[in-house]
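>>> Sequence and computational prediction follow.
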Amino acid sequence: MTSQIDSSSAIQSPTAKRSWAETLKVYLEPPTLRMLLLGFSAGLPLLLVLGTLSFRLREAGIDRSTIGYLSWVGLAYGFKWVWAPLVDRLPIPLLTTWLGRRRSWLLLSQMLIMAGLVGMAVYDPQLSLLPVVWFALAVAFGSATQDIALDAYRIEAADVDRQAALAAAYQTGYRVAMIWAGAGVFWVAAWAEISPAAQTALAASSATAGEAVKVAYQHQAWQTAYLVMAASMLLGVVTVLWSPKPAEREFAPAKNMGEWLQGALINPFADFFKRYKWHAALLLALIATYRISDVVMGIMANPFYVDMGYTKLEVANITKVFGVIMTLVGAFIGGVLSMRYGVMRVLMLGAVLSAVSNLLFAWLGGRGHDLTALVWVISADNLASGIASAAFIAYLSSLTNVNYSATQYALFSSLMLLLPKFIAGFSGQFVDKFGYSDFFIATAMLGVPVLLLVWLAAKVKANEA
């Protein structure tokens, strides 16, 4: 308990005696490099069951309403706190003895993700949509479970002073994976497609016009792409197997199921409220709203690009590749600034930049099809997102008690998404009624209360120091 309070207050005071060389050297330490690779493993599945999958299904002729309903697969990430106590406490037969609690859960979840991606590759959604959905759910569940175990592993892998650097490395790996799962999967699918000449010949030989239309969707191309993505998960598997077994806290054996549930489920939440008392409400409000501007705006970003006349290639190269690179730069800057000046100051900076960058999209809406303007807006928006994410992850880490790190962090990261995703569900109706410009301005205004919450949380931390 004492160590947690001390570490929480530590984020308020930057490390004044550390030189810039010493600050940057932390990015070359083994724990940081491992977190880079594990971040890649964490970031790979997300788009494959959401954005990329929706593109694939639409190309296969699945109607937009069905695709919209299938986006609820992503709710697995919002409710991962439900089974986080199991990941925090429950050993896996044989695996836990061999690898330890954190690494055994990481390996099991990675195996589930790989199996799910293979299943999504094998089945053709034009012929068998339901199996694709079930395998997508398996990938989402495995991915959410991997997040739980990885967040706990990261928190326990280094002291609080290095959490910002680990968060930045994690974000870097995560964003690189999103490039691969976003733009890369399209590149692989395009490479595996039948040539245009072969498509024309095949279409001409079709018995009916309906059969000719089906040629546009090439299942074998997507099959190849998803199998490549499944193989890419091996990077995380190898990292887990070659990582050192972390020191783990021993829990007293439970006398019965009720005692086990008390320790695994009730105590983690009771501990948080006991430590922060009435301040817990303030902290939970901040967690629930900090990324609200980005999440709500992001739902309408792709429709906005389409309506502005940007092609798929332009959107892929600028937003999926260049934009992710800018997020990496922002994550690196956020990690360095957090170690030098303290997490709370950078948390405030990230909140301001996230809200202001949404206003740039309102400006972009008046420019029409302007690639130069899009590059500048994406640069500013993703840079802001990277800074905010690195600081926010470090802040969430500081709030956890190492005795319940998996459960408490899962609760925080789930809470971070639930309210924004619920509000984002109405974003399409808002745009239809008021237009893109007013929508982007409104999402920026959603960030104003966040500034007040960060200021109040900073004062609470200052009083505890």
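Done, it's in.
>>> where does the stretch 151-300 of the chain dip in pLDDT?
Scanning the stretch 151-300 of the chain for pLDDT under 70 picks out 158-162, 195-216, 246-257, 260-261, 263-265.
>>> how about a cut-off of 80?
For the stretch 151-300 of the chain, residues meeting the criterion pLDDT under 80 lie at 152, 154-165, 167, 186, 190, 193-217, 244-266, 268-269, 298-300.
>>> Which of the helices or strands spans Ala168?
Under the criterion DSSP states H and E, the helix or strand holding Ala168 is helix 163-179.
>>> which strands and helices sit next to that helix?
Judged by 3 or more CB pairs under 8 Å, 6 or more residues apart in numbering; DSSP states H and E, helix 163-179 is in contact with helix 30-48, helix 129-157, helix 323-341, helix 371-399. Quick note: C-beta positions are derived from backbone N, CA and C, even for glycine.
>>> Mean neighbour count added to those helices, as a markdown table?
Formatted as a markdown table, these follow (neighbours: other CB atoms under 10 Å):
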| stretch | mean neighbour count |
| --- | --- |
| helix 30-48 | 23 |
| helix 129-157 | 23 |
| helix 323-341 | 23 |
| helix 371-399 | 23 |
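>>> and Val73, which of these is closest to it?
Proximity to Val73 (CB to CB) singles out helix 129-157 among the helices and strands packed on helix 163-179, at 5.1 Å.
>>> Could you dump the helices and strands packed on helix 163-179 into a markdown table with distance to Leu227 added?
Compiled in a markdown table, these are given as follows (distance: least, CB to CB, whole Å):
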| stretch | distance to Leu227 |
| --- | --- |
| helix 30-48 | 12 |
| helix 129-157 | 13 |
| helix 323-341 | 23 |
| helix 371-399 | 30 |
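>>> can you tell me which of those helices comes nearest to Leu75?
Across the helices and strands packed on helix 163-179, Leu75 has its closest neighbour in helix 129-157 (8.3 Å, CB to CB).
>>> just the angle between that closest one and helix 163-179, please?
Between helix 129-157 and helix 163-179, the angle formed by their directions is 160 degrees, by axes from the mean of the first three to the mean of the last three CA atoms, to 10 degrees.
>>> distance between the helix or strand containing Ser413 and the chain's centre?
Under the criterion DSSP H and E, the helix or strand holding Ser413 is helix 405-424. In terms of CA atoms, centre = their mean, to the nearest Å, the centre of helix 405-424 is found 11 Å from the chain centre.
>>> Please name every helix or strand in contact with it.
In terms of contacts (3+ CB pairs under 8 Å, 6+ apart), helix 405-424 is packed against helix 84-89, helix 129-157, helix 267-276, helix 279-289, helix 292-299, helix 371-399.
>>> Met308: which of those is closest?
Between Met308 and those, the tightest spacing by CB to CB is seen for helix 371-399, at 8.3 Å.
>>> Distance from the chain centre to that closest one, please.
Helix 371-399 has its C-alpha centroid displaced from the chain centroid by 13 Å (CA atoms, centre = their mean).
>>> what's the angle from that helix to helix 292-299?
Here the directions of helix 371-399 and helix 292-299 differ by 130 degrees (the same axes, to 10 degrees).
>>> Point out the other helices and strands that helix 371-399 packs with.
Other helices and strands packing on helix 371-399, by 3+ CB pairs under 8 Å, 6+ apart, are helix 2-10, helix 129-157, helix 163-179, helix 323-341, helix 343-365, helix 405-424.
>>> Now do that helix, average pLDDT.
Taken as a whole, helix 371-399 carries a mean pLDDT of 88.
>>> ok and it relative to helix 267-276, angle-wise?
What separates the directions of helix 371-399 and helix 267-276 is an angle of 90 degrees, with the same axes, to 10 degrees.
>>> mind starting the numbering at 47 from now?
With 47 as the first residue, the last one maps to helix 417-445.
>>> wait, what's in contact with Ile333?
Neighbouring residues of Ile333 by CB atoms under 8 Å, 6 or more residues apart in numbering: 442, 458, 461-462.
>>> got these as JSON lines, with distance to Lys320 columns?
As requested, the contacts of Ile333 are exported to JSON lines (distance: CB to CB, whole Å):
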{"residue": "Leu442", "distance to Lys320": "18"}
{"residue": "Phe458", "distance to Lys320": "16"}
{"residue": "Leu461", "distance to Lys320": "18"}
{"residue": "Met462", "distance to Lys320": "22"}
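>>> out of these, which are buried?
Among these, those classed as buried by neighbour count (16 or more other CB atoms under 10 Å) are 442, 458, 461-462.
>>> Which one of those residues is nearest to Ala235?
Here the nearest of the buried ones among the contacts of Ile333 to Ala235, counting by CB to CB, is Met462; it sits at 31.7 Å.
>>> Quick check: the closest one vs Met372, distance?
For Met462, the distance to Met372 (CB to CB, to the nearest Å) stands at 22 Å.
>>> next one: Arg321
Remark: distance between Arg321 and Met372 (CB to CB) = 37 Å.
>>> One more: Ile225?
Looking at Ile225 against Met372, where the rule is CB to CB, the gap reads 12 Å.
>>> tell me which residues of the helix holding Ser459 are tucked away?
Residues of helix 451-470 classed as buried by neighbour count (16+ other CB under 10 Å): 451-463, 465-467, 469-470.
>>> same thing with stretch 493-505?
Applying a neighbour-count criterion of 16+ other CB under 10 Å, the buried positions in stretch 493-505 are 493, 496, 499-500, 503-504.
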